[in-house]
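**Q** give me the fold of what follows.
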Amino acid sequence: MAEELSHQAQIIRQRQIMQIKTIPALRHLLNPDESLDYCRSIKLRRRSHILLDSTQITKLQHWHEDDHAFPVLIARCIGTRTVTRDFSVQLLDVIRASNAPVIWALSLPSLDQEDALSLESLLLSLSMQTLALNSEALTTGINPVASCHFEDISNEDQGFQLLGRCLSGVKRLYIVLDLNLVHSAVQHNRGRASTFIEKFTNLLLAGPEKGIKLVVIAEKSDGFPSVTKHDQLEGSEIFVSGQRPGPRSRGFRRGMTGYSSHVVSASSNSRGVENWLSAADGAIRHV
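**A** This next block holds a predicted model:
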């Protein structure tokens, strides 16, 4: 009987989600799968290989395992600025392979899409992804998530309130955010972009659960003046380097390739992105 009731409740929640998706403001949201496929195709085209030295690997492991670690991790590039975008693809592959729940907002296939982006639509996309993983937020709590909460999002503060509702009850979740999307949404106003990250950070710090973690994919020059007041941020940055195949060596027949890795010289202790996540059971509401 209990199993049947649980199944019926799940069906009702899925119908609610389908109803929410028909709201006009949600019809043209970011498509996370489309953006990930696009970023992966670009990475494969560049034939890049991401490298982290042992110090950065240790930082990742500590950040993942320590419940009291600062909830935001900034990934910055060394050398070519596209390295961190490629890193986001590899990072998501590692997280998803471990069965840990994850949502993301990555670069879009069309510049027109990015130009039309707003902070509200970015937060709506993350909220919908969270709700798909945490449909219990539709039926639990004093004031559960409802379609009306998605209809009147006119500023980023309301967007963060909605995301906070959708995160209710979530004990573990990774969020991967390409900062270039935020820059596009605020017309490359660094102050507004920094304030957005600060508000995101405060949302996570204010939550009762410490297993919700945000990875910000940034370039080396991106600053976070309003976030750096948190001393913990100093230990929550990793630096990513990368290799791409060099020019084709002479003397190879057609169909055979020979490459040198001259683009970025890797130190002897640099490694690829390892599976630094411990085995996970895939549950978003249970540790």
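**Q** hey, let's count contacts and neighbours off CA atoms from now on
**A** OK.
**Q** and Ala25, that one's in a helix?
**A** Yes. Assessed by DSSP: H, G, I helix; E, B strand; the rest coil, Ala25 belongs to a helix.
**Q** the stretch 101-250 of the chain: helices as residue ranges?
**A** Using DSSP state H, counting those that start in this stretch, the helices of the stretch 101-250 of the chain run over residues 111-115, 119-133, 148-151, 156-166, 179-185, 190-206.
**Q** adding distance to Ile212, write these out as TSV.
**A** Below are the helices of the stretch 101-250 of the chain laid out as TSV (distance: least, C-alpha to C-alpha, whole Å):
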stretch	distance to Ile212
helix 111-115	26
helix 119-133	11
helix 148-151	22
helix 156-166	11
helix 179-185	18
helix 190-206	7
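**Q** for the ones you listed, which one sits closest to Ala75?
**A** Shortest distance between Ala75 and the helices of the stretch 101-250 of the chain, using C-alpha to C-alpha, is found for helix 179-185: 10.1 Å.
**Q** which intervals of this structure have sub-threshold pLDDT?
**A** Residue ranges of the chain with pLDDT under 70: 1-8, 79, 81, 111-115, 220-235, 242-287.
**Q** can you do 50?
**A** Along the chain, segments meeting pLDDT under 50 span 226, 228, 246-270, 279-280, 287.
**Q** any idea what the residue positioned nearest the centre of it is bridged to?
**A** For the chain, the residue nearest the mean C-alpha position is Val176 (1.0 Å; C-alpha atoms, centre = their mean). For Val176, the beta-bridge partners under DSSP bridges are Trp104, Val215.
**Q** quick one: it and Leu138, what's the gap?
**A** In this view, Val176 and Leu138 are 24 Å apart by C-alpha to C-alpha, to the nearest Å.
**Q** and if you look at Thr58?
**A** When distance is defined by C-alpha to C-alpha, Thr58 is 38 Å away from Leu138.
**Q** and the two? Which one has more around it.
**A** Leu138 (21 against 14; other C-alpha atoms under 10 Å).
**Q** pretty sure the more buried one is touching Val145, no?
**A** Yes. Using C-alpha atoms under 8 Å, Leu138 makes contact with Val145 at a distance of 4.7 Å.
**Q** quick check: which of the helices of the stretch 101-250 of the chain is nearest to Ile217?
**A** Distance to Ile217, taken as C-alpha to C-alpha, is lowest for helix 179-185 among the helices of the stretch 101-250 of the chain, at 5.7 Å.
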